[in-house]
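Asker: Provide a 3D model corresponding to the input given below.
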Amino acid sequence: MITGNIVEYIDQQKIISAVILQEKKNKLGLLNENNREVSLSENRLSHVSQVCLDTGMARDTMVVHLKQLSQYRKQLSETINIQELWEVLHEESGDIDLATMTLFCFDPPLTPDHEAAVIRAFFHDRLYFKFNKSMFTPYTPHQVDAKQRQIKEAEKRELIIRKGAAWIDDILNGKTSSTQIDPQIIDILKSYYLFNNASDFYPTAKHIIKKSTLNSSEQLFNIFVKAGIWDQNKNVDLLALQIPTVFPQDVLEQEHKLTRSLINFFDDSLRKDLTHIPLITIDGQSTLDFDDAISLENTETGYTLGIHIIDVDAFIKSNDPIDLAARERASSIYMPDDKLPMIPPNLSEDLCSLKENEIRPGISTIINMSRFFEIQDYKIFPSIIKVHKQMSYAEANLLNGKNDPITTLYKIATLLREKRLKAGAIQITLPEVNVWLEDNQEIGYLKIDRENPSRMLISEMMIFANSLMAEFLAANKIPAVFRSQAQPKKRLFKGIETSLILNFMQRKQLSRAIVGTDPESHSGLGVKAYVTATSPIRRYHDLLTQRQIKSLFGYNKAYSKSELETILQSISLPMANAGRIQSARKRYWIIKYLESKRGDTYEALVLDCHRDHYTVLIKEFMYEAKLPVSGIKLKSGDIIQVTIQHADARRDQLSLFL
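Answerer: Numbering: from 1, shown residues only. Predicted coordinates:
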């Protein structure tokens, strides 16, 4: 190559004509047809012509000449029918060089302009030939079909990008509605918002956002709200964690069969008829699914205490459609604005619920006690039961202290707790805040003392029943879903402690609870072995435990240890996600409530001190938040007044100042 050679190179998917002005240090100084001087390495050139321009002529004259040459070569390239060439050449093997391909395209005499035109034509139509360094290789018919599909997909993708960006801009400008857009585009944008770079549509969605006037993907939420696709309080965590919110058709069909079938449990010779015993349930005011009941009978030597659990396995068999759906969910999810049951509502709130005056199958734990409430013996067996009275916690509290079985039950519960505490149990006595949405969308909340008599009574009875069932399974060498907990790292108090700060500090010192298939001690509860079996409507763990108990009576074959471990592994993630959702949604609605309380002041407890902030507990809501460090030095345990500066539930933001 010499000064004056006419060359071509590719820049931003365009072929540019230029003339060499100088050459030094493996770089060429070029003047291109756009009247720009550029510096390129030799390997960037797509074509070199032996035709030269006189670089001594005026610069503008050279540029005009280059433009004319480029236009001429473009016109020549447009006369080439690449598809016809491919149909003639694709059955031949081997590469075709530039000179030969130029002969196929043009009649002699041939010039460098014809070669350059060939390169231009094949550069712009790459469907039929692989083109590299002036060599051409025909693609096979199969490869051409594949490339045609790719081109169509690319064109379709580009159309989606244009339409998506235009729709976003129209929504921002108030020009359109959600009905005027391809649902596929909505799905692409939703996926991108929920999963970001883990989305299957990440590249396409990112290009849509880039082409629109949005500043960030976070603004997509407001786009969906403006378009009427999502409500402003949409629970996006449910979507992001892919938690099922509806039951599949086979589950609904199975539910329908069960609700229409008549099962006479009195025909079951393995069940003991306890319908004459007056059972009571004690639950929250708004509870619709009742899975546990208690009873108390006077005997000649003392009392017979009964703790009765609905036998969900009597209706839902292992691996049937409802069971598999329950396993996928692992747990019911209770939120201030919604409830996602583990099993369909017609079962959880009716057939599998201990409704007043309805005959139900149960698993009963019957404990004989002396008149001083000493445990003499106990039995666990399948039963037929009937609830005679359903009570709320508030109603049960009113009866405590009167000549009523509730008073005696409370005394038993108190002794059971004392026994656990002596065995090393650690009782964390933190209040709980219930949050709910009224029909008019007003946010309601109530701080609950979990240590009030009726709640403590039910809590102790369920712990007692679960520990006895764990003992029963362990004695019979049946694997089950056992829960265990090692000793705490540090004990800060014994017995019952009412100090909020001490309870929080002690909770931080507890060892992590472990779920396994072998019985081990649970230090936090002060028992030698523990299972959860008292909430089979709401927790899959409990349903598994029920089945293991029933296997001892010949109802079904027990799960093996390996089968249980496999199931536990499969439900560990949905169990964790259920907890995350419940916690996040409660947090959302508390912050939502505080959005309208800017400037309001609340009492707070300092929990932890850090270099740049304090962790404080807003006592009214039992809500932990960060407080920036100010001029006042605080310490753990201080009671302070904090003011709401800013709250944004959607962004999970709450700002306080002292």
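
Asker: State the distance from V629 to Y614.
Answerer: 7 Å (CB to CB, to the nearest Å). Every residue, glycine included, has its C-beta placed from N, CA and C.

Asker: Between the two, which is the more surrounded one?
Answerer: Y614 (24 against 14; other CB atoms under 10 Å).

Asker: what about the helices in the stretch 401-550 of the chain?
Answerer: Remark: helices assigned in the stretch 401-550 of the chain by DSSP state H, counting those that start in this stretch are 405-422, 453-475, 500-509, 540-551.

Asker: Then the stretch 51-200 of the chain?
Answerer: Under DSSP H, counting those that start in this stretch, the stretch 51-200 of the chain gives helices at 59-77, 82-89, 98-105, 112-124, 141-172, 183-195.

Asker: For L552, find the nearest of those helices.
Answerer: Closest to L552 of the helices of the stretch 51-200 of the chain, according to CB to CB: helix 183-195, at 45.6 Å.

Asker: Might you report the residue contacts of the most centrally placed residue in the chain?
Answerer: The centroid of the chain falls nearest to L241 when counting by CA atoms, centre = their mean (1.4 Å). Applying CB atoms under 8 Å, 6 or more residues apart in numbering to L241 gives the contacts N577, R580, I581.

Asker: Compare those residues and tell me which has the most neighbours.
Answerer: Most neighbours among these, by other CB under 10 Å: I581, with 22 neighbours.

Asker: Does anything pack onto the strand or helix carrying it? Which helices or strands?
Answerer: Element membership for I581, per DSSP states H and E: helix 561-594. Using 3 or more CB pairs under 8 Å, 6 or more residues apart in numbering; DSSP states H and E as the contact test, the elements touching helix 561-594 are helix 236-240, helix 321-329, strand 333-335, strand 432-437, strand 443-448, helix 540-551, strand 639-648, strand 653-657.

Asker: average pLDDT across the longest one?
Answerer: By that I understand helix 540-551. Helix 540-551 shows a mean pLDDT of 97.

Asker: ok, back up a step: out of the helices and strands packed on helix 561-594, indicate the one that is most buried.
Answerer: With neighbours taken as mean count of other CB atoms under 10 Å, the helices and strands packed on helix 561-594 reach their highest mean count in helix 540-551, at a mean of 24.

Asker: Helix 321-329 and that one, what's the angle between them?
Answerer: Here helix 540-551 runs at an angle of 130 degrees relative to helix 321-329 (axes from the mean of the first three to the mean of the last three CA atoms, to 10 degrees).

Asker: CA atoms only: put helix 540-551 into PDB for me.
Answerer: Output of helix 540-551 as PDB, limited to C-alpha atoms (Å, rounded to 0.1, in the frame of the first residue of the first chain):
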ATOM      1  CA  TYR A 540     -46.900 -29.600  56.000                       C
ATOM      2  CA  HIS A 541     -44.500 -30.600  58.700                       C
ATOM      3  CA  ASP A 542     -47.400 -31.300  60.900                       C
ATOM      4  CA  LEU A 543     -49.300 -33.300  58.300                       C
ATOM      5  CA  LEU A 544     -46.200 -35.500  57.900                       C
ATOM      6  CA  THR A 545     -46.000 -36.100  61.600                       C
ATOM      7  CA  GLN A 546     -49.700 -37.100  61.700                       C
ATOM      8  CA  ARG A 547     -49.100 -39.700  59.000                       C
ATOM      9  CA  GLN A 548     -46.100 -41.200  61.000                       C
ATOM     10  CA  ILE A 549     -48.300 -41.400  64.100                       C
ATOM     11  CA  LYS A 550     -51.200 -43.100  62.100                       C
ATOM     12  CA  SER A 551     -48.800 -45.600  60.600                       C
END
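
Asker: by contact count, what packs against that helix?
Answerer: helix 321-329, strand 359-370, helix 453-475, helix 561-594.

Asker: what's the angle from that helix to strand 359-370?
Answerer: Using the same axes, to 10 degrees, the direction of helix 540-551 lies 80 degrees away from that of strand 359-370.

Asker: Figure out how far helix 540-551 is from the centre of its chain.
Answerer: 27 Å (CA atoms, centre = their mean, to the nearest Å).

Asker: Now do it against helix 453-475, angle only.
Answerer: Using the same axes, to 10 degrees: helix 540-551 against helix 453-475 is 50 degrees.

Asker: Just the residues contacting helix 540-551, thanks.
Answerer: 309, 311-313, 316, 318, 323, 326-327, 329-331, 342, 363, 380, 382, 469, 472-473, 478-481, 515, 531-536, 555-559, 564, 567, 571, 575.

Asker: Which among these count as buried?
Answerer: 309, 311-313, 316, 318, 323, 326-327, 329-331, 342, 363, 380, 382, 469, 472-473, 478-481, 531-536, 555, 558-559, 564, 567, 571, 575 (16 or more other CB atoms under 10 Å).

Asker: got TSV for the helices and strands packed on helix 540-551, with distance to L605 and mean pLDDT too?
Answerer: Formatted as TSV, the helices and strands packed on helix 540-551 follow (distance: least, CB to CB, whole Å; pLDDT from 0 to 100):
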stretch	distance to L605	mean pLDDT
helix 321-329	36	97
strand 359-370	39	97
helix 453-475	23	97
helix 561-594	16	96
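
Asker: Dump the ones you listed to a markdown table, plus distance to F657.
Answerer: Output for the helices and strands packed on helix 540-551, formatted as a markdown table (distance: least, CB to CB, whole Å):
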| stretch | distance to F657 |
| --- | --- |
| helix 321-329 | 42 |
| strand 359-370 | 53 |
| helix 453-475 | 36 |
| helix 561-594 | 14 |
